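**Q** Got a sequence here, can you model it:
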Amino acid sequence: MKSGTRSGLLRVAAIACLAVTAAGAPAAFAAPNDPSAPICTMSYPVPVEPFQTPASSDVFAISSSGAVDLKVHTNAGTDFAYDQKFTVNWANITTGKSGVADTSAQVKGPDNTLTVTGIPTKPGRILFNLGVFNHGEGQNYTNGECSVEYQAS
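**A** Predicted coordinates:
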C-alpha cells in the first residue's frame, strides 16, 4: 500500500511541476515590448580570414496599428566594409498570417543600421526568425541567426 501511495504522490507532484512549467513558459519566451531593448542579439565573426574578429547585431522592434518595424544595429567589428543582408521570416501565431522581408547594405565600423518597416503582422503573438548574412571578399561568408516570439499591437 505504501508504494502505491508514494507512486500516486509522485504522479501528482510531476503533474503540478508540468502545470507550473507550462504556465510560466509563455512569459519566458515572450520578447519584451520595450522598443529600446533588443529582442535578440546575434554574434558572429567578421567575414575576413582568419575569421577571428568578433562582430554583433542587435535587433529592435516597434509595433503599432498591426504593423512591426524592425531595426538591426550592427557593430561590424572592423573598418573593412562588407555586405550584410538582414532577413525576416515571421508568422502570426494568433492569426496564422506569415511572410518574409529583407534588406541589404554595406557595413563597417561600430554604428550601422538596417531597417525593415511596415511588416503587416496584424496584432498577436508573432514568431520571428531573424538572420544577418555577411559577405566579405571572395568566398568569405559568416552569419548570425535568432528566433524570438514578440507580442504585436
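**Q** Leaving out chain neighbours, which residue sits closest to Ile93?
**A** Using CB to CB, 6 or more residues apart in numbering and skipping residues adjacent in sequence, the residue nearest Ile93 is Arg125, 4.2 Å away. Every C-beta, even on glycine, is put in place using the N, C-alpha and C of the backbone.
**Q** Same question for Asn75.
**A** Closest to Asn75 by CB to CB, 6+ apart is Pro110, at 4.7 Å.
**Q** re earlier: the residue nearest to Ile93: neighbour count?
**A** For Arg125, the count of nearby residues is 17 (other CB atoms under 10 Å).
**Q** Number the residues from 45 up from this point.
**A** From this message on, residue numbering opens at 45, which makes the last subject Arg169.
**Q** what is the rounded mean pLDDT of the helix or strand containing it?
**A** Using DSSP states H and E, Arg169 sits in strand 168-179. Mean pLDDT, strand 168-179: 98.
**Q** Tabulate the CA atom coordinates of it in PDB.
**A** Output of strand 168-179 as PDB, limited to C-alpha atoms (Å, rounded to 0.1, in the frame of the first residue of the first chain):
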ATOM      1  CA  GLY A 168      -1.000  39.000 -31.900                       C
ATOM      2  CA  ARG A 169       1.900  36.700 -30.900                       C
ATOM      3  CA  ILE A 170       4.500  36.800 -33.700                       C
ATOM      4  CA  LEU A 171       7.300  34.300 -34.200                       C
ATOM      5  CA  PHE A 172      10.300  36.000 -35.800                       C
ATOM      6  CA  ASN A 173      13.200  34.100 -37.400                       C
ATOM      7  CA  LEU A 174      15.900  36.700 -38.000                       C
ATOM      8  CA  GLY A 175      19.200  36.500 -39.700                       C
ATOM      9  CA  VAL A 176      22.200  38.600 -40.800                       C
ATOM     10  CA  PHE A 177      24.300  37.200 -43.600                       C
ATOM     11  CA  ASN A 178      27.600  38.700 -44.200                       C
ATOM     12  CA  HIS A 179      29.800  38.600 -47.400                       C
END
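**Q** Having no further points to raise, I will conclude here.
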